[in-house]
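> No letters, just coordinates:
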């Protein structure tokens, strides 16, 4: 990698030396060898070689296998089946993900190919940022790490709002050091709740459970710190717990506990299974270590998840012919279609009369289904956008405009410009909120205008049904969670598990069933002490290591009675886990998935109600993330995207 980097610097030298290096035969020979080098540290530099015209760009690309063949559980051929939150095996896998290049015909359907490529590209941006941040943190000496917490405790399975796991951690040494610089309890609290410390386990951030290990550097014997991922979750809520005075159990002397943070995380897929297995060993009131390490990333799920979720839900691309096939298309079927600047009101036409490019941009918007206005800073792009909106509002009394921006700041600035240029305040509705919003725009925010959200009779009935169903499911979930911590088989359990055995392992079932033995006798069947045997009789004998009772007819097709006590315990442990998986864990997963679906249904009802209220406004403004959260419910005649260069293609599509 050092040789490759040195060559890249030589080639890019200013002056005549650069081209001479490219033509040097010795250099070309080295480049050829580097192209066939498999070291991962060299591969990223191949792109730089291609950009310097040392090698063709196609030769710079690392070999990329088709989807569905990688050594992890989230590499799906169909992008709609991919978990948006990365799985542990996915984060532990080093193989390059499948990211189809533009122009690669990896799917027959062009629309599906476009959606697939956008989904995989945007999601990989999130996953790669997560991997890079974790790697950068692990390189630091342990005492300097601010985001890796030791021995996180599983406090409880929280069902207060949605199913979450409540974890508790002590601060890292680096954070403790920062906290000691604050003299008072108030200053320390502000640091953790409002200052830099609030970024730790911030809401909607991704967290990773795992254990620290060592790995070899490729091409070197040096060992470097690594992180093996066991679970991944998303932060739903955090609570800062101040130090408390407690009594040391051994010395009986008072001591001060350190600051702690409780964090509620939600998990899905394989990560949920990991957390549920930990719940099995947590008895009532007992706190256990969930994993050796917990990493708090700064990668936000908030901005990415709604867009990716919407991509998985849609099957069509709006304005397909223009956006995908790049066809010109017909004039827009709206009142402003085809109007020239001279047909617009003097308050609009006079403002572009002396600027030819601004005039052309305004006419393009009046005459096209899709118009793109671009130019250097200060050339009046936002100004033209404001005039576009005003012209549409004046010439089409029924048209509604959806104004989209990537940031709250850009959105507020554009909406303020509309108001400054004569658009009536009553026309404007602003979705969402911003901490620096002006009083004038705050009056136009949805939460201000609709302090109490109104629902139709049908929506109220649906809401009530969802609430009742959720409460019922949470009750079942709570009961199952309590049973889970007390689900290890022992004597007396046969009557509980016999039906499952009969369905899953019928021949083993016969070895413990006493029904036929009792039915075959006209008398009571008793044990050595004269006590009548019950359903658990044979099961209890087998568990204790006893031989099969001599006075009873033996039915044992699988020879389970011939096993030694250790082998019996081993078999019982295996069957116990299989039973727990089917009867308990599977049901818990189903209930959690159903609760997640109900929460989405609740959000859809809430959003549908908001959309009805939006109908009376001519201009609706929101960020791209907010628009994606509405899941296709937002409908408008015109979409106006301000600062479009900040917005990804995927955010336009959703």
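That came through fine. Treat the numbers as computed from the prediction; the structure is a model and nothing was measured.

> which residues does the spatially most central residue of the chain contact?
What sits nearest the mean C-alpha location of the chain, by C-alpha atoms, centre = their mean, is residue 85, with 3.5 Å. Neighbouring residues of residue 85 by C-beta atoms under 8 Å, 6 or more residues apart in numbering: 206, 232-234, 268-269, 271, 301. Backbone N, C-alpha and C define where each C-beta goes, glycine included.

> how much space is there between residue 91 and residue 609?
From residue 91 across to residue 609, the span is 39 Å (C-beta to C-beta, to the nearest Å).

> Those two: which is more packed in?
More crowded of residue 91 and residue 609, by other C-beta atoms under 10 Å: residue 91, with 20 against 16.

> Tell me who's in contact with that one.
So residue 91 contacts 127, 130-131, 134, 208, 229, 232 (C-beta under 8 Å, 6+ apart).

> Which of these fall within strands?
Counted as lying in strands by DSSP state E, out of these, are 208, 229, 232.

> How about stretch 489-500, which residues are buried there?
Using 16 or more other C-beta atoms under 10 Å as the test for burial, stretch 489-500 gives 489, 493-494, 497-498.

> next one: it to chain centre, how far?
Relative to the centre of its chain, stretch 489-500 is centred 40 Å away, using C-alpha atoms, centre = their mean, to the nearest Å.

> What's the end-to-end length of that stretch?
Terminal residues of stretch 489-500 lie 13 Å apart, using C-alpha to C-alpha, to the nearest Å.

> about what we covered before: top of the contacts of residue 85 by neighbour count?
residue 232 (28 neighbours).

> Could you save the ones in strands among the contacts of residue 91 as CSV and add columns showing distance to residue 198?
Shown next, in CSV, are the ones in strands among the contacts of residue 91 (distance: C-beta to C-beta, whole Å):
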residue, distance to residue 198
208, 19
229, 25
232, 22
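
> want to throw the residues you listed into JSON lines with distance to residue 554 and pLDDT?
Shown next, in JSON lines, are the ones in strands among the contacts of residue 91 (distance: C-beta to C-beta, whole Å; pLDDT from 0 to 100):
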{"residue": "208", "distance to residue 554": "53", "pLDDT": "94"}
{"residue": "229", "distance to residue 554": "49", "pLDDT": "93"}
{"residue": "232", "distance to residue 554": "50", "pLDDT": "94"}
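
> got the buried residues for the strand or helix carrying residue 310?
Applying DSSP states H and E as the criterion places residue 310 in helix 305-313. Neighbour counts over helix 305-313 (16+ other C-beta under 10 Å) mark 305-308, 310-311 as buried.

> now for the residues you listed, which pair is the farthest apart?
Largest separation among the buried residues of helix 305-313 by C-beta to C-beta: 305 and 311, giving 10.7 Å.

> how close does residue 450 get to residue 614?
Distance, residue 450 to residue 614, by C-beta to C-beta: 10 Å.

> again with residue 144
In terms of C-beta to C-beta, residue 144 sits 50 Å off from residue 614.

> more crowded one of these two?
Neighbours per residue (other C-beta under 10 Å) separate residue 144 from residue 614, with residue 614 holding more: 20 against 12.

> what sits against the more buried one?
Counting by C-beta under 8 Å, 6+ apart, residue 614 touches 429, 620, 634.

> nearest to residue 509, of these?
Residue 509 lies nearest to residue 634 out of the contacts of residue 614, by C-beta to C-beta, at 57.3 Å.

> tell me the pLDDT at the closest one?
With respect to pLDDT, residue 634 has a value of 80.

> Ok, residue 11 next?
Residue 11 is assigned a pLDDT of 61 by the prediction.

> With residue 398 instead?
pLDDT, residue 398: 84.

> which one of the buried residues of stretch 489-500 is nearest residue 258?
residue 489 (40.0 Å).

> my read is the closest one is in a helix, agree?
No: residue state for residue 489 (DSSP: H, G, I helix; E, B strand; the rest coil) corresponds to coil; a helix is not indicated.

> for the residue lying closest to it once chain neighbours are set aside, helix, strand, or coil?
Leaving out its chain neighbours, the residue that sits closest to residue 489 by C-beta to C-beta, 6 or more residues apart in numbering is residue 576, at 4.7 Å. Three-state call for residue 576 (three-state DSSP): helix.
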